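A.B. asks: What follows is a predicted structure for the sequence shown.
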Amino acid sequence: MLASFATVMLLVFILLQFFSPMWETNDDVGMSMIAHGYGMAASGSPPNLLFSNVIWGYLVRAIPTIHGVLGYTIASYSVLILSASVILYGLFALGAGYLTSLSVLVLMFTRAILFPQFTLNAGFLVVAAVICWTLYARRNNWRVLAFSSVLAWLGFLVRNHESILVFVMALPLLPWRELFRTRSSKIVFSILFSMTLLSAVIDHQAYQGPEWKAFNDLNPVRVHFTDYRAEEVLEKRPELRNKFGYSANDIALLRDFFFVDPHLADPNRLRTMLHELGPVPMRGNAASNVWIGLRALWHPLILISMAAALLLFLLSPSWQLALSWGLCLSIIIAMGLFGRPGILRVYFPLISLLTVAPFLVTNFSQKRKWMIVGVLMLAALVNAIPLMTKSRYLKSISGDFNKVWADFPAEPVVVWGSAFPYEAIYPVMSLPPTTVQPQLYALGVFTLAPFSLASAEEHQGRGMIDRLLSKTGVPIAASGSSFHFLETYCKEHDHGPLQYIAVKHYGAVAVNWVRCDHDVSK
């Protein structure tokens, strides 16, 4: 285990020495802001990370900043290194061989090290737990059983949905009779189940205070617009949209996380409209969503891993592997039916489990072992090269943004959509090099959350709509399409034309000061 840990640390050191890691999505940037109170989060906010369990939020916040590296980053790499070390050790202990185990390590974790993402971390933790459960069934070492259960619990804390998906896929692979053959194993699994259930209850209760009412009322409704493509269905039912007083532009704004106008983001009105519309994901676009999800398996980011997993299956076919492949495809199809197709960060841990699955259920001959080594070494090399190239390119972009932070406005700036590249501006290993951290009035999932800067500004009478109707206007960093929606919004809601007061460029980010000219005489 120590040798595995040292090997993983060496891989991490080499990659971070020559490349600059960047968060794969802005979700991690947002959760880091919440945990440490900067950017779009007001200082002193509770560690309610929304996407991860609140217990994980407390653990992250308890980690101090070390040499400028925030606790969220340290926690992310800690679980990444932990799962990688366990997977390397577990595969070797199961007889996969050192070269095979090392190739799997490079194939699975190069992307996660260079482009960390919490969903990947959660999936890898459960993959590591599955390997340890298999190892326990063969060696009957209760320490391995206890440790694997801790890994599974951590995966649930980091991202419960992903951990459950990986666990469901692993059901045919696990030796259930051996896992439950002793009283101690039954006790350990009972404790794991109890801790998981208790963690879910604690997390649920953390969002039940009155300060969360606005967020809780809107969040179950808004996902139909932001995630499940309700707009496409409403385009075919304009009479229903008009019945509830929404224009096509209003729906487009809701799709783009414009929740700052309570008249538009009215949960009761939206809920009633959706009820009359019927189940959004299951209408019309279901077949296309399923195809989008299946087609994503050929995406360059996961194609090599997918091909390697498929070749290993063909070299060692078994009913357990066939069932796991069937469950994987069923999960992808179900996600498409429910309106969430093509989410690569969800797919990758599932494919990673399929890559290690043959070593859990099959004993390979010496000849096939060498064939497997060749397949995995080639896959690891072919997969790593474009990731490293992409990392070098994004490093230069990130450097360009860091040069302009010192002049960024001191007042809260509305950031809207992809025009503000969080991942490039906020590096994994440090905050932007400026003495005063920018205040970001972010339009997104977190807008109505009580910890957000947007919520704090709204409560103090400085909300986006208030400033949009003021003489001085509001600074906004957004794309051209967002401003087009805003222009239509001002006209349709009798606020007058949108007036562009000033614009200033901060590298590739343009901040426009705009206002609705509702009274041109002023």
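C.D. replies: Arrived safely, thanks for sending. Please read all numbers here as calculations on a predicted model, not as lab measurements. Residues are numbered from 1 along each chain as shown.

A.B. asks: use CA for all of it now, contacts and neighbours both
C.D. replies: Fine.

A.B. asks: quick one: Arg237 from Ala248, how far?
C.D. replies: 11 Å (C-alpha to C-alpha, to the nearest Å).

A.B. asks: just Thr472 next, same as before
C.D. replies: 29 Å.

A.B. asks: again, but for Ser184
C.D. replies: According to C-alpha to C-alpha, Ser184 stands 60 Å off from Ala248.

A.B. asks: what does Pro409 give?
C.D. replies: 33 Å.

A.B. asks: next one: Phe115
C.D. replies: 37 Å.

A.B. asks: more neighbours, those two?
C.D. replies: Phe115 (20 against 14; other C-alpha atoms under 10 Å).

A.B. asks: Contact partners for the more buried one?
C.D. replies: Phe115 makes contact with Pro21, Met22, Trp23, Glu24, according to C-alpha atoms under 8 Å, 6 or more residues apart in numbering.

A.B. asks: One more: Ser85?
C.D. replies: Counted by C-alpha under 8 Å, 6+ apart, Ser85 has contacts Met1, Ser4, Phe5, Thr7, Val8.

A.B. asks: what does the helix or strand hosting the fourth one rub up against?
C.D. replies: When you say that, I think you mean Thr7. In the assignment (DSSP states H and E), Thr7 maps to helix 2-18. Residues from elsewhere that reach helix 2-18, judged by C-alpha under 8 Å, 6+ apart: Ile81, Leu82, Ala84, Ser85, Val86, Leu88, Tyr89, Ile113, Leu114.

A.B. asks: What is the burial count for Leu102?
C.D. replies: So Leu102, with other C-alpha under 10 Å, has 24 neighbours.

A.B. asks: Kindly report the same for Leu173.
C.D. replies: Leu173: 23 neighbours (other C-alpha under 10 Å).

A.B. asks: Compute the inter-axis angle for the longest helix anywhere in the chain and helix 2-18.
C.D. replies: Longest helix in the chain by number of residues (criterion: DSSP state H): helix 366-402. Interaxial angle of helix 366-402 relative to helix 2-18 (axes from the mean of the first three to the mean of the last three C-alpha atoms, to 10 degrees): 40 degrees.

A.B. asks: all helices of the stretch 301-450 of the chain, in order?
C.D. replies: 319-337, 344-361, 366-402, 422-425 (DSSP state H, counting those that start in this stretch).

A.B. asks: starting at the chain centroid, how far to the helix holding Thr7?
C.D. replies: 24 Å (C-alpha atoms, centre = their mean, to the nearest Å).

A.B. asks: List the contacts of the following helix or strand past it.
C.D. replies: Later in the chain than helix 2-18, the nearest helix or strand by DSSP H and E is helix 26-36. Applying C-alpha under 8 Å, 6+ apart, the external contacts of helix 26-36 come out as 23, 39-49, 57, 60-61, 70, 72-73, 117-118, 421-423, 426, 451-452.

A.B. asks: could you flag which of these are buried?
C.D. replies: Buried members of these, scored by 16 or more other C-alpha atoms under 10 Å, are 23, 39-43, 45-49, 57, 60-61, 70, 72-73, 117-118, 421-423, 426, 451-452.

A.B. asks: picking up where we left off before, report the buried residues of the helix holding Thr7.
C.D. replies: Neighbour-count burial for helix 2-18, counted by 16+ other C-alpha under 10 Å, picks out Ser4, Phe5, Thr7, Val8, Met9, Leu11, Val12, Leu15.

A.B. asks: mind showing which ranges of this protein have poor pLDDT?
C.D. replies: 44, 280-285, 396-406, 432-436, 519-522 (pLDDT under 70).

A.B. asks: Let me see the domain layout of it.
C.D. replies: 2-205+360-390, 405-516 (automatic domain parsing).

A.B. asks: okay if I get these as JSON lines plus distance to Trp212?
C.D. replies: Conversion of these to JSON lines gives the following (distance: least, C-alpha to C-alpha, whole Å):
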{"stretch": "domain 2-205+360-390", "distance to Trp212": "11"}
{"stretch": "domain 405-516", "distance to Trp212": "6"}
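
A.B. asks: Between the ones you listed, which one is closest to Ala308.
C.D. replies: Between Ala308 and the domains of the chain, the shortest gap by C-alpha to C-alpha is with domain 2-205+360-390, which sits at 6.5 Å.

A.B. asks: Straight-line length of that closest one, end to end?
C.D. replies: The first-to-last residue distance of domain 2-205+360-390 comes to 32 Å (C-alpha to C-alpha).

A.B. asks: With stretch 221-241 instead?
C.D. replies: Span of stretch 221-241 from end to end, C-alpha to C-alpha: 15 Å.

A.B. asks: returning to what we had before: Ile351 is nearest to which of the domains of the chain?
C.D. replies: Closest among the domains of the chain, using C-alpha to C-alpha: domain 2-205+360-390, at 9.4 Å.

A.B. asks: for the closest one, the distance to its chain's centre please.
C.D. replies: With C-alpha atoms, centre = their mean, you get 14 Å for domain 2-205+360-390.

A.B. asks: So which residues of the chain form strands?
C.D. replies: Secondary structure of the chain by DSSP state E: the strands cover 413-416, 440-443, 474-478, 498-506, 509-516.

A.B. asks: what would those strands look like in a markdown table with mean neighbour count and distance to Leu294?
C.D. replies: Listed next are these as a markdown table, based on neighbours: other C-alpha atoms under 10 Å; distance: least, C-alpha to C-alpha, whole Å:
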| stretch | mean neighbour count | distance to Leu294 |
| --- | --- | --- |
| strand 413-416 | 22 | 30 |
| strand 440-443 | 24 | 31 |
| strand 474-478 | 24 | 32 |
| strand 498-506 | 15 | 40 |
| strand 509-516 | 22 | 35 |
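
A.B. asks: For Ala152, which of these is the nearest?
C.D. replies: strand 440-443 (33.1 Å).

A.B. asks: residues in contact with the closest one?
C.D. replies: 39-41, 257-260, 412-417, 447, 452-454.

A.B. asks: run the last query once more with 7 Å
C.D. replies: With contact meaning C-alpha atoms under 7 Å, 6 or more residues apart in numbering, strand 440-443 is reached by Gly39, Met40, Phe257, Phe258, Pro412, Val413, Val414, Val415, Trp416, Leu453, Ala454.

A.B. asks: Could I get the contacting residues of Glu162?
C.D. replies: Per C-alpha under 7 Å, 6+ apart, neighbours of Glu162: Thr119, Ala122, Gly123, Val346.

A.B. asks: Buried deepest among the helices of the stretch 301-450 of the chain, which one?
C.D. replies: Stretch with highest mean neighbour count among these: helix 344-361 (a mean of 23; mean count of other C-alpha atoms under 10 Å).

A.B. asks: and the end-to-end length of stretch 358-368?
C.D. replies: 12 Å.

A.B. asks: Distance from the chain centre to that stretch, please.
C.D. replies: Counting by C-alpha atoms, centre = their mean, stretch 358-368 comes out at 34 Å from the chain centroid.

A.B. asks: Over to stretch 419-430?
C.D. replies: With C-alpha atoms, centre = their mean, you get 15 Å for stretch 419-430.

A.B. asks: try stretch 497-513
C.D. replies: 30 Å.

A.B. asks: Throw the contacts of Ser85 into TSV and include distance to Arg271, thanks.
C.D. replies: Output for the contacts of Ser85, formatted as TSV (distance: C-alpha to C-alpha, whole Å):
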residue	distance to Arg271
Met1	53
Ser4	52
Phe5	51
Thr7	53
Val8	49
